[in-house]
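Asker: Sequence and predicted model, in that order:
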Amino acid sequence: MELNIDRLHLALPASLAGRAEGIGRALGEELARLPLGRSLDLAHLAIPPLVLDGQATDAAIARAIATAVHRQLGGMR
């Protein structure tokens, strides 16, 4: 299965604003690694706010976001 994202709106707290580009890039890499069980065509997907460690690496933050996205996709029927 393949995941295509036409547009991504990533809302980060002001404390992470300077890292948004790196987190966004790492998020794309993390999402590419996640297994998909089926194809979906979604106009919108929202995940609940996450509590993240601001001292974590961009990759760790991206991994947490990707995991939340994957969890939401798994709940889609």
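Answerer: Perfect, thanks for sending it. Numbering: from 1, shown residues only.

Asker: Now do the helices in the protein.
Answerer: For the chain, the helices defined by DSSP state H occupy 20-33, 58-74.

Asker: now the longest one against helix 20-33, angle please.
Answerer: The one in question is helix 58-74. Helix 58-74 and helix 20-33 are oriented at 50 degrees to each other (axes from the mean of the first three to the mean of the last three C-alpha atoms, to 10 degrees).

Asker: So which elements touch helix 58-74?
Answerer: Under the contact definition 3 or more C-beta pairs under 8 Å, 6 or more residues apart in numbering; DSSP states H and E, helix 58-74 sits against helix 20-33. C-beta: built from backbone N, CA, C; applies to glycine.

Asker: cool, the first one as well?
Answerer: Of the remaining helices and strands, those touching helix 20-33 by 3+ C-beta pairs under 8 Å, 6+ apart are helix 58-74.

Asker: Please identify the most buried of the helices of the chain.
Answerer: Comparing these by mean neighbour count (mean count of other C-beta atoms under 10 Å), helix 58-74 comes out on top with a mean of 17.

Asker: Give me the contacts around that one.
Answerer: With contact meaning C-beta atoms under 8 Å, 6 or more residues apart in numbering, helix 58-74 is reached by 10, 16, 19, 22-27, 29-31, 33-34, 36-37, 40, 45-48, 50, 52-53, 56.

Asker: before we move on, the earlier item: export the helices of the chain to TSV and append columns for distance to Asn4.
Answerer: Formatted as TSV, the helices of the chain follow (distance: least, C-beta to C-beta, whole Å):
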stretch	distance to Asn4
helix 20-33	10
helix 58-74	13
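
Asker: Reformat those helices as a markdown table; add mean pLDDT.
Answerer: Converted to a markdown table, the helices of the chain look like this (pLDDT from 0 to 100):
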| stretch | mean pLDDT |
| --- | --- |
| helix 20-33 | 93 |
| helix 58-74 | 93 |
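
Asker: Out of those helices, which gets nearest to Asp6?
Answerer: When the helices of the chain are ranked by proximity to Asp6, the top entry is helix 20-33, at 12.9 Å, counting by C-beta to C-beta.
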